[in-house]
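> fold the following and give me the result.
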Amino acid sequence: MTDTAANDFNVMLQKHGLYMPTYTGVIATGCYHPSAKSASQQFNSRSEHYARDNITSLQIAFANNFGAAEAGPGSSMTIRASIEYPRGTFTIVNWSGARDVVIPDGDDSPLSDPVEIVIPRGAFFSVRSFAQCAGGVVYKGFYANRVNGGAEAATSGLTDKTTCGTIPTGRHVVAPCLIVGKTDRPALGLIGDSVCAGAGDNIADVSGDIGILARPLGPHFAYINQAISSEPLGNFIGANGAKRRARTAWCSHIICEYGRNDFTSVSGSVFLGYVTTCAGLFPGKPFFQTTITPRTSSTDGWTTVGGQTVDGGHTSRLLVNHRLRAGGVPGVYDFFDLTKVVESDRDSGLWKAPGYTVDGTHPTTPAYYEVRDSGVLDPLRIRLAR
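Numbers count the residues shown, from 1 in each chain. Modelled structure (predicted):
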């Protein structure tokens, strides 16, 4: 849907009393859960964001925990930040009137003081940050260098660049875990494993979006992408997911891509129970589950369909996908059928070939783009979900 069409659609919804009431929620793209801990104790970062509503005031937060265990790095982190908009113009962020905020080990910062700044919907802006942590700074690691963002790291001696200077492009960025403000538009909490995180999605473009959900949905909606590689849903719904689940208080809709990592230890029926449990952790928020994409081995480097063999989780994957298509999974508002784009034939359990995967688990960049352009992640279904 084009921006103009989206505006017309929003007006129609408002006229019929169907549009969302104004609430405080996520208002930009590019918010992440940190995926790793650095050996460096200092980071200058410039993270990439697009406003998905007209912003007049915003607040941000950072995480001092990382990975599927939401572990702390071993010490508190001190961070300061600014909003860079337009490019080269900096608005300082404060916490309780102070320039720096100290985040306890394993915790999230509080939301910052409101930052009064006008950023029109669709505009690009950056968050500059200078982080210091004796235990090693936690960061979001991407699979390709950022186009409009990046970082520099050191053990010591870095100069704060939150209000000046050039920060080099790179794969590792200290990005906010939240950017919130007043909105009446959907805000998405994206949860999942490496395919949601964007493994194999090795080309960064000016959108800043990466992964099988953020690529197609980022142009339309604000989001926080909390995906962690190799994580099963069974881990996320336990104590290890508490920090990430708490952040979704600022989201209106949840989209779950978990699955393939659960099938190494539980059946499809057990996994569906996890899905229902997960949906119940987000009361009042429409919960979407995706179908589970294939996992295969290959004798010819995935250049053909015939050279592939399904893995041991195939039966469980089929059960889950059949149940999602049939409807009636408790807690699931709707589903998105990712397999329609990447599977050789419905329920084959095999990747299309050639060019759709190089490891049997993760899509290639062209495959991620094909999912983006396919329409299977239809923004209209999200806008209508209540």
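> which helix or strand in the protein has the lowest average pLDDT?
Taking mean pLDDT, DSSP states H and E as the measure, helix 3-15 is the helix or strand of the chain with the lowest mean score, a mean of 58.
> what does the helix or strand that that helix is followed by rub up against?
Later in the chain than helix 3-15, the nearest helix or strand by DSSP states H and E is strand 23-26. Contacts to strand 23-26, defined as CB atoms under 8 Å, 6 or more residues apart in numbering, come from residues 178-184, 187-188, 222-224, 250-252. Quick note: C-beta positions are derived from backbone N, CA and C, even for glycine.
> one more pass at 6 Å, please.
180, 183, 187, 222, 224, 250, 251, 252 (CB atoms under 6 Å, 6 or more residues apart in numbering).
> show me how far that strand is from its chain's centre.
Distance of strand 23-26 from the chain centroid (CA atoms, centre = their mean, to the nearest Å) equals 17 Å.
> buried set for that strand?
Buried positions in strand 23-26, judged by neighbour count with 16 or more other CB atoms under 10 Å: 25, 26.
> sheet partners, orientation included, of that strand?
strand 178-183 (antiparallel) (DSSP bridges).
> any idea of the mean pLDDT for stretch 150-164?
Averaged across stretch 150-164, the pLDDT comes to 97.
> got the CA positions of it in CSV?
Backbone C-alpha positions of stretch 150-164 (Å, rounded to 0.1, in the frame of the first residue of the first chain) are rendered in CSV as follows:
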residue,chain,number,x,y,z
GLY,A,150,27.4,2.3,12.2
ALA,A,151,29.7,2.5,15.2
GLU,A,152,33.2,2.7,16.4
ALA,A,153,34.5,0.8,19.5
ALA,A,154,37.6,0.9,21.7
THR,A,155,38.8,-0.2,25.1
SER,A,156,39.4,3.4,26.0
GLY,A,157,40.1,6.8,24.5
LEU,A,158,37.0,7.3,22.4
THR,A,159,35.7,10.9,22.2
ASP,A,160,31.9,11.3,22.6
LYS,A,161,30.4,12.0,19.2
THR,A,162,26.7,12.4,20.2
THR,A,163,26.8,16.0,18.9
CYS,A,164,29.5,16.1,16.4
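> what sits up against that stretch?
38, 40-46, 80, 82, 90, 128, 130, 167-170, 172-173.
> what comes up buried for that stretch?
By 16+ other CB under 10 Å, the buried positions in stretch 150-164 come out as 150, 151, 152, 153, 158, 160, 161, 162.
> which of these sit farthest apart?
Longest distance between any two of those is 16.1 Å, between 150 and 160; criterion CB to CB.
> identify the bridge partners of the closest residue to residue 30 other than its chain neighbours.
Computed as CB to CB, 6 or more residues apart in numbering, the closest residue to residue 30 that is not its neighbour in sequence is residue 49, at 4.2 Å. Residues in a beta bridge with residue 49, per DSSP bridges, are residue 125.
> about what we covered before: just the ones of the contacts of stretch 150-164 in strands?
With strands taken from DSSP state E, the overlap with those comprises 42, 43, 44, 45, 46, 80, 82, 90, 128, 130, 172, 173.
> with neighbour count added, can I get the residues you listed in JSON lines?
What follows is the ones in strands among the contacts of stretch 150-164, written out as JSON lines (neighbours: other CB atoms under 10 Å):
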{"residue": "42", "neighbour count": "19"}
{"residue": "43", "neighbour count": "26"}
{"residue": "44", "neighbour count": "23"}
{"residue": "45", "neighbour count": "30"}
{"residue": "46", "neighbour count": "26"}
{"residue": "80", "neighbour count": "20"}
{"residue": "82", "neighbour count": "22"}
{"residue": "90", "neighbour count": "17"}
{"residue": "128", "neighbour count": "25"}
{"residue": "130", "neighbour count": "21"}
{"residue": "172", "neighbour count": "23"}
{"residue": "173", "neighbour count": "25"}
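> CSV for those residues, including distance to residue 145 and pLDDT?
What follows is the ones in strands among the contacts of stretch 150-164, written out as CSV (distance: CB to CB, whole Å; pLDDT from 0 to 100):
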residue, distance to residue 145, pLDDT
42, 20, 98
43, 16, 98
44, 16, 98
45, 13, 98
46, 12, 98
80, 24, 98
82, 22, 98
90, 23, 98
128, 18, 98
130, 20, 98
172, 10, 95
173, 10, 97
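> separation between the residue lying closest to residue 185 once chain neighbours are set aside and residue 332?
The spatial neighbour of residue 185 that comes closest, neighbours along the chain excluded (CB to CB, 6+ apart), is residue 53 at 5.2 Å. Distance, residue 53 to residue 332, by CB to CB, to the nearest Å: 27 Å.
> kindly report the same for residue 105.
36 Å.
> what about these two, which has more around it?
residue 332 (20 against 16; other CB atoms under 10 Å).
> how about the contacts made by that one?
Taking CB under 6 Å, 6+ apart as the test, what residue 332 contacts is 287, 289.
> all further residue positions should be reported with the first residue as 44.
New numbering, starting at 44: the last item is residue 375.
> and it, that's in a helix?
No. Per DSSP: H, G, I helix; E, B strand; the rest coil, residue 375 lies outside any helix segment and is coil.
> mind checking the SS state of residue 318?
With three-state DSSP as the criterion, residue 318 reads helix.
> same deal with residue 278?
Quick answer, by three-state DSSP: residue 278 is helix.
> list the contacts of the nearest residue to it once chain neighbours are set aside.
Among residues not flanking residue 278 along the chain, residue 111 sits closest, at 5.5 Å (CB to CB, 6+ apart). Contact analysis of residue 111 by CB under 6 Å, 6+ apart lists 271, 274, 278.
> rerun at 8 Å
271, 273, 274, 278, 279, 283.
> among those residues, which ones are buried?
Buried among these by 16+ other CB under 10 Å: 271, 274, 278, 279, 283.
> now for these: which two are most distant?
Farthest apart among these by CB to CB are 271 and 283. That separation is 9.6 Å.
> go ahead and flag the most central residue of the chain.
Nearest to the centroid of the C-alpha atoms of the chain, with distances taken as CA atoms, centre = their mean, sits residue 268, at 1.4 Å.
> and that residue, how far is that from residue 377?
20 Å.
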